[in-house]
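Q: sequence plus the predicted model coming up.
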Amino acid sequence: MLPPAQREELSQSTPGRPSELRQDVRRNPPNPTLRPVLNRISDLVHQRRNGHAAIADSVAIVDDDPDFRASVAGLLRSVGLNARSFASVEEYLSSEPPDCPTCLVLDVRMPGKSGLDFQRDLVAANAELPVIFITGHGDIPMSVQAMKRGAIEFLTKPFRDQDLIDAVKLGVARDRARREDNESVMELRARLQALTPRELGVLTAAARGRLNKQIAADMGITEGTVKVHRANMMRKMRLASFAEVCRAVHRLKLPVERRELP
């Protein structure tokens, strides 16, 4: 029979025991603000994995020339993209953005806020929307400034249709990869909320390469109890190897230095 102290430790981690459920609720209360977001992310991930995209990849064309907007929109729709047109940055900002991979096709000079000013605002706000600039009045310093801020392409009128299509497809692909990475991190954070403090401690200690017996010494518990905590942590986080533990800790930006644990 296990000593009383170890039985108490195991009761906090053994699946199916009421005491574990009660303590998990106390230690990890549900976040009512985050839950709807997590549910929406899970739905989107499920739809994508099952091939049910809610809407085609989208491109926002922001240019004050209506004929040019119509021409570019028709070109992009011909290759299966959902093109939306706006006469100004202000009009674009007042619209409802689609929930799908997106990129922006911006005119450099427009009445009101210019395309370059809008790109500067996006960078300052850490909004990682891919931007493609189109202009009939570009110069080298202007293009250098745009590219330094992360623009996908800087096209001068007249340009080849294929150059624009290639740039848009690259921008949409980058935004899709960013969105999928963000969704994956959000899923990891949701799983992290289910960990008890000791399971979280085992996760960060394992990421430092600590062995079970070393973790046991650090926490002042038995090696057998560490194994139970570690198994529960791996199951809740859906991790299968040490490499996946390290990747999860890195993506979640968890501190891995040694610290006092509850």
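A: That came in fine, so what should we check first? Numbers count the residues shown, from 1 in each chain.
Q: top helix in this structure by residue count?
A: In the chain, taking DSSP state H as the definition, the longest helix is helix 161-192.
Q: for whatever helix or strand comes next after it, name the packing helices and strands.
A: Toward the C-terminus, helix 161-192 is succeeded by helix 197-207 as the next helix or strand (DSSP states H and E). If contacts are counted by 3 or more CB pairs under 8 Å, 6 or more residues apart in numbering; DSSP states H and E, helix 197-207 sits against helix 212-219, helix 223-237, helix 242-252. Heads up, the C-betas are built off the backbone N, CA and C, glycines and all.
Q: for helix 197-207, give the mean pLDDT please.
A: What helix 197-207 shows for mean pLDDT is 91.
Q: ok now it, how far from the chain's centre?
A: 23 Å (CA atoms, centre = their mean, to the nearest Å).
Q: can you check stretch 148-156 too?
A: Per CA atoms, centre = their mean, the centroid offset for stretch 148-156 relative to its chain is 23 Å.
Q: what count of nearby residues applies to residue 129?
A: As a burial measure, residue 129 scores 18 neighbours (other CB atoms under 10 Å).
Q: my error: substitute residue 58 in the last question.
A: When neighbours are counted by other CB under 10 Å, residue 58 comes out with 20.
Q: hang on, isn't it packed against residue 102?
A: Yes: if you go by CB atoms under 8 Å, residue 58 and residue 102 touch, sitting 4.6 Å apart.
Q: helix, strand or coil for residue 106?
A: At residue 106 the chain is in strand, as set by DSSP: H, G, I helix; E, B strand; the rest coil.
Q: pLDDT at residue 250, what is it?
A: At residue 250, pLDDT is 88.
Q: if we can go back for a sec, overlap of the contact sets of residue 58 and residue 102?
A: residue 172 (CB atoms under 8 Å, 6 or more residues apart in numbering).
Q: can you count the residues close to residue 97?
A: Counted with other CB under 10 Å, residues neighbouring residue 97 total 12.
Q: any idea how far it is from residue 175?
A: Separation of residue 97 from residue 175 (CB to CB, to the nearest Å) stands at 11 Å.
Q: do residue 215 as well
A: Counting by CB to CB, the gap from residue 215 to residue 175 is 40 Å.
Q: and those two? which has more neighbours close in?
A: A count of neighbours by other CB under 10 Å puts residue 215 above the other of residue 215 and residue 175, at 24 against 20.
Q: got the contact list for that one?
A: Residue 215 neighbours (CB under 8 Å, 6+ apart): 201-202, 205-206, 226, 230.
Q: pick the one among those closest to residue 147.
A: For these, the minimum distance to residue 147 (CB to CB) is 42.0 Å, reached by residue 206.
Q: for residue 170, which residues are in contact?
A: For residue 170, the contacting residues are 130, 152-153, by CB under 8 Å, 6+ apart.
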